[in-house]
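K.L.:
How does the following fold in three dimensions:
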Amino acid sequence: MASITLGGNPCNTSGNLPAVGSKAPAFTLVAADLSRKSLSDFAGKTVILSIFPSIDTGVCAKSTHVFSERVKGNDDVVFATVSADLPFAAKRWCGAEGVANAMTLSTFDSTFGVDYGMRIVDGPMTGVLGRGVLVLDGTGTVLHSELVPEIAQEPNYDAALAVLQLKDTNPYAPPTADLNATFGGGTLNPSPTMSVAKAEAIRTELLMTETNLRGFGALYLFAAFGSVLAGFGLAAFAATQGIDDVESIFMITFTGFVVLVIAAVYGFVGLGLRRLDPKVKIAATVLGGLSLLSIPIGTLLGGWLLYLLHGEKGQRVFALDYPEVMRLTPHIQRRTSPIVWVFVGLLLLIVVAGVMAGLLA
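P.N.:
Numbering: from 1, shown residues only. Below is the predicted model:
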């Protein structure tokens, strides 16, 4: 039995969390789709179990967001929450919050709380789980074990993630080896105790790079919109011209399909860059490389994008911990990227030129 508190009021759990070096007890829990998930299903993968009372409380929701963001892109890491919530509630929460890489597991019809020593046995929250974090290796051995002493307190994210070698689990992820390096008076390894002043220093140094990457995202979204219009424009042209030649209809249909596929790629990259999502770096790099062939404006923009993606500051903006820096500095506002202003200016020039050509004709 372990003693914890809820708002300073003492309560107890049914036992103790498995200790570091021990084998985690087998379990079978209910996933959001009502399937049964067992510990053996995760053999060969590192597993983070975030255990808490309910996903519908502020601290539980926040810890899910933090772990979800900081392990995103690492395919060899399974992040799972464990609570007494019904599977339907957990599924609803993930859908509403846009959390896609967290596996929500329910103790419904399970002895997990007792087997893992986390069931609260007295006080107003009797029957639900306390707050704790376990990190297991691919054989089910406990690498990290934390029972949070106060239920209203967040877990120690850095301590849990320190046992993971995240930089080795995804060859396409931004390097994490330099995240402790000083940059602009701060570090890129923020923790719950990191001062706002340090986060401000980091954000200020990287704000222009962040803004320019988001600007390229807006540019690709504009391109996606234009490509969609072009695709439907081809369809409208074919319909109004009364084309009945089979070969011409096929070519117009195929061209429209290709244009729509290009629009989808532009949209994917655009949204990813707007969100600073590391998963779009490869696709964005390919588009940037292709832009180099469009001399001279495309060459300049493509080179600029490649520099932003793979330069030192770009690597830091795409680092797994950068969302935490942004969370600590909501008062630092992004400026409109020069890329957007250049694109808007070119767009206006094209529109004006089109109007003038129409009037002269």
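
K.L.:
what's near enough to touch His331?
P.N.:
For His331, no residue meets the contact criterion (CB atoms under 8 Å, 6 or more residues apart in numbering). Placement of C-beta: from N, CA and C, glycine included.

K.L.:
State the three-state secondary structure for it.
P.N.:
Following DSSP: H, G, I helix; E, B strand; the rest coil, His331 is assigned to coil.

K.L.:
Quick check: which helices or strands does the helix or strand that Leu273 is a member of pack against?
P.N.:
Per DSSP states H and E: Leu273 is located in helix 246-275. In terms of contacts (3 or more CB pairs under 8 Å, 6 or more residues apart in numbering; DSSP states H and E), helix 246-275 is packed against helix 196-241, helix 281-291.

K.L.:
and the following helix or strand past the shortest one, which residues are buried?
P.N.:
For helix 281-291, the succeeding helix or strand toward the C-terminus, using DSSP H and E, is helix 297-310. Buried residues in helix 297-310, counting neighbours by 16 or more other CB atoms under 10 Å, are found at Leu301, Gly302, Trp304, Leu305, Leu306, Leu308, Leu309.

K.L.:
any chance of the helices and strands packed on helix 246-275 in JSON lines, plus mean neighbour count?
P.N.:
Formatted as JSON lines, the helices and strands packed on helix 246-275 follow (neighbours: other CB atoms under 10 Å):
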{"stretch": "helix 196-241", "mean neighbour count": "18"}
{"stretch": "helix 281-291", "mean neighbour count": "17"}
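
K.L.:
For Leu34, find the nearest of these.
P.N.:
The closest of those to Leu34 is helix 281-291. By CB to CB, the value is 34.5 Å.

K.L.:
Could you list the low-confidence segments of the stretch 201-350 of the chain?
P.N.:
Residues of the stretch 201-350 of the chain that meet the criterion pLDDT under 70 lie in 234-235, 237-244, 249, 334-350.

K.L.:
Nearest residue to the middle of this structure?
P.N.:
Residue closest to the average C-alpha location in the chain (CA atoms, centre = their mean): Glu69, at 4.9 Å.

K.L.:
How about the contacts made by the residue nearest to that residue when sequence neighbours are not counted?
P.N.:
Nearest residue to Glu69, sequence neighbours excluded (CB to CB, 6 or more residues apart in numbering): Pro323, at 4.8 Å. Contacts for Pro323 (CB under 8 Å, 6+ apart) come out as Glu69, Arg70, Leu276.

K.L.:
Would you check how far apart Val82 and Leu6 are?
P.N.:
18 Å (CB to CB, to the nearest Å).

K.L.:
From what I see, Val99 and Lys62 are in contact.
P.N.:
No - using CB atoms under 8 Å as the test, Val99 is too far from Lys62 to be in contact (11.5 Å).

K.L.:
who has more neighbours, the two?
P.N.:
Shown here are Val99 and Lys62; by other CB atoms under 10 Å, Val99 has more neighbours (20 against 13).
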